[in-house]
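Q: The amino acid sequence is not available; the structure is as follows:
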């Protein structure tokens, strides 16, 4: 049985991430741990009223979930913490043997810029050693038919990492699109060619294809690819910080829209 940890602040964004996760695992039995804690901006605000409100919010959330058609054979376990959300999540990942962490985001940082992921989401992605599904507030589940995997073919562990999610891909009959991201040329060196061939070998029995997007602005490359190919999910290796920096954390273009509608699955070691 899978153990899924969902961070919730009881907002509409959070509810959207919960229903998205329920849709992905609709036909599997899962334990969904619902964690509410503090972020770095809420420390020193704990009082009895806040704790009471937390309990009432969980009661309402569980009542709503029990009426949800997607509930299926899932089990929901609320976890109330009055400590920093990062540390609370880290403890739960270890204690509950978590397979996947899910967070919702409104696609906007605390300074109001619409093309920056929020600081708390960035902290979760970079500081927690667990595969993480980031669900933007406009994302609606419509299957996972097409996946984009941005890569520069420099990490030989990518094939093995992706192999760990092939059961999920098979359930949803997903096709994986490997997207080579480069600024000036699509010419690969020997190491890159070897890593690409390794991906080909690992996915020989899975629907897949290889593409290249050459653009100085990586965020525009992935935006164009998503639009042209009707991508449902972006999957990235957690170690590829170079691409994360430009695609997710600090892109330069102001007119990109994938922040608001396309979920990201960030892979550490994904447990089956």
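A: Received, thanks. Here the structure is a predicted model, which means the values were calculated and not measured.
Q: Can you find the helix or strand of this protein with the lowest average pLDDT?
A: Scoring the helices and strands of the chain by mean pLDDT, DSSP states H and E places helix 241-244 at the bottom, with a mean of 67.
Q: roughly how far out does the longest helix anywhere in the chain sit from the chain middle?
A: Across the chain, the longest stretch assigned as helix under DSSP state H is helix 48-66. Distance, stretch centre to chain centre, for helix 48-66: 25 Å (Cα atoms, centre = their mean, to the nearest Å).
Q: Number the chain from 664, please
A: Sure, I'll start numbering at 664, so the last one becomes helix 711-729.
Q: Check which helices and strands it sits against.
A: Helices and strands touching helix 711-729, by 3 or more Cβ pairs under 8 Å, 6 or more residues apart in numbering; DSSP states H and E, are strand 693-701, strand 738-747. Bear in mind the C-beta positions are built from the backbone N, C-alpha and C, glycine included.
Q: So which bits of whichever strand or helix holds residue 789 are buried?
A: Per DSSP states H and E, residue 789 falls inside helix 782-790. Residues of helix 782-790 classed as buried by neighbour count (16 or more other Cβ atoms under 10 Å): 783-785, 787-788.
Q: do stretch 871-885 as well
A: Residues of stretch 871-885 classed as buried by neighbour count (16+ other Cβ under 10 Å): 871, 874, 876, 878, 881-885.
Q: for stretch 719-728, same thing?
A: Of the residues in stretch 719-728, 720-721, 724, 728 count as buried by neighbour count, 16+ other Cβ under 10 Å.
Q: pLDDT at residue 914, what is it?
A: Residue 914 carries a pLDDT value of 62.
Q: of the buried residues of stretch 871-885, closest to residue 865?
A: Distance to residue 865, by Cβ to Cβ, is smallest for residue 871 among the buried residues of stretch 871-885, at 9.2 Å.
Q: Tell me which residues touch the closest one, please.
A: The contact partners of residue 871, by Cβ atoms under 8 Å, 6 or more residues apart in numbering, come to 838-841, 862-863.
Q: again with residue 720
A: Residue 720 makes contacts with 673, 699, as judged by Cβ under 8 Å, 6+ apart.
Q: again with the one 5 residues further on
A: Under the criterion of Cβ under 8 Å, 6+ apart, the contact partners of residue 725 comprise 739, 741.
Q: I'd like the distance between it and residue 766.
A: Distance of residue 725 to residue 766, given as Cβ to Cβ, to the nearest Å: 19 Å.
Q: so what secondary structure elements neighbour the following helix or strand past the least confident helix or strand of the chain?
A: Counting by DSSP H and E, the next helix or strand C-terminal to helix 904-907 is helix 921-924. Applying 3+ Cβ pairs under 8 Å, 6+ apart, we find helix 921-924 packed against strand 795-799, helix 881-892.
Q: The shortest one - what's its average pLDDT?
A: Spelled out, that is strand 795-799. Average pLDDT, strand 795-799: 92.
Q: strands paired with it, and their directions?
A: Using DSSP bridges, the strands paired with strand 795-799 are strand 763-768 (parallel), strand 927-930 (antiparallel).
Q: Can you redo those strands as a markdown table, where the extra columns are mean neighbour count, mean pLDDT and distance to residue 812?
A: Shown next, in a markdown table, are those (neighbours: other Cβ atoms under 10 Å; pLDDT from 0 to 100; distance: least, Cβ to Cβ, whole Å):
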| stretch | mean neighbour count | mean pLDDT | distance to residue 812 |
| --- | --- | --- | --- |
| strand 763-768 | 25 | 92 | 17 |
| strand 927-930 | 22 | 91 | 9 |
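Q: Save these as CSV, and put in distance to residue 800 too.
A: Shown next, in CSV, are the strands paired with strand 795-799 (distance: least, Cβ to Cβ, whole Å):
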stretch, distance to residue 800
strand 763-768, 7
strand 927-930, 13
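Q: can you tell which of these is closest to residue 811?
A: With Cβ to Cβ, the closest approach to residue 811 among the strands paired with strand 795-799 belongs to strand 927-930: 10.0 Å.
Q: can you list contacts of that closest one?
A: Applying Cβ under 8 Å, 6+ apart, the contact partners of strand 927-930 are 788, 794-797, 824-825, 827-828, 896-901, 911.
Q: Between which two of the residues you listed is the distance greatest?
A: Farthest pair in these (Cβ to Cβ) is 827 and 911. Separation: 21.0 Å.
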